[in-house]
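*Asks:* Got a predicted structure plus its sequence, pasted below:
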Amino acid sequence: MTSATITIYLEAYGCGQYGNDPHFACLKVDQRFIDRLQQWQQLCLTHSLSELRVEASPDEWYPAGIAEAEQFTYGELVVTASHFWFVDQPKHADYHMETRAQSIEEVIKQVQTGQTPLFLGDDLEYLKEQVLTNCWVVLKSAQSN
């Protein structure tokens, strides 16, 4: 990977019946993030950990402002021997939000292409539609570069 920062849009959802569910999250990935992700992955492999949780959040949850409106309280990056995802908990709620789990190996392969933005999730058409609806100014400027 070059020193460039890659923008990744991750499909997201709420794990409960009530509340405002996020549609996706935006993550800015650089080599430092990739290196740390691989270190945490290696810890899981070396020590037979089912998962490792680190205090971290994506750069933004969408629709814009949902993290503030729902008062997200404690973002975590969850890493396993093969995947990663983000979770967060709205204040005074009995449910949480999370991004769809992503294969670390596949994300690294895609990031190494240098293509930006990347769209990662199970329903890519829906994800792209949501990103276009919520971030059309950002995408338009990225396409013109």
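*Replies:* That came through, no problem. Numbering: from 1, shown residues only.

*Asks:* Enumerate every residue touching the residue nearest to residue 87 when sequence neighbours are not counted.
*Replies:* Spatial nearest neighbour of residue 87, excluding adjacent residues (C-beta to C-beta, 6 or more residues apart in numbering): residue 98 at 4.4 Å. The way it works is simple: take the backbone N, C-alpha and C, and place the C-beta from them, glycine included. Counting by C-beta atoms under 8 Å, 6 or more residues apart in numbering, residue 98 touches 12, 13, 15, 85, 86, 87, 88.

*Asks:* Of these, just say which sits nearest to residue 131.
*Replies:* residue 12 (11.4 Å; C-beta to C-beta).

*Asks:* Residue 76 touches residue 54, doesn't it?
*Replies:* Yes. If you go by C-beta atoms under 8 Å, residue 76 and residue 54 touch, sitting 6.6 Å apart.

*Asks:* So for these two, which sits in the more crowded spot?
*Replies:* Using other C-beta atoms under 10 Å as the criterion, residue 76 and residue 54 rank with residue 76 on top: 19 against 13.

*Asks:* Next one, pLDDT for that one please.
*Replies:* The model reports residue 76 with a pLDDT of 90.
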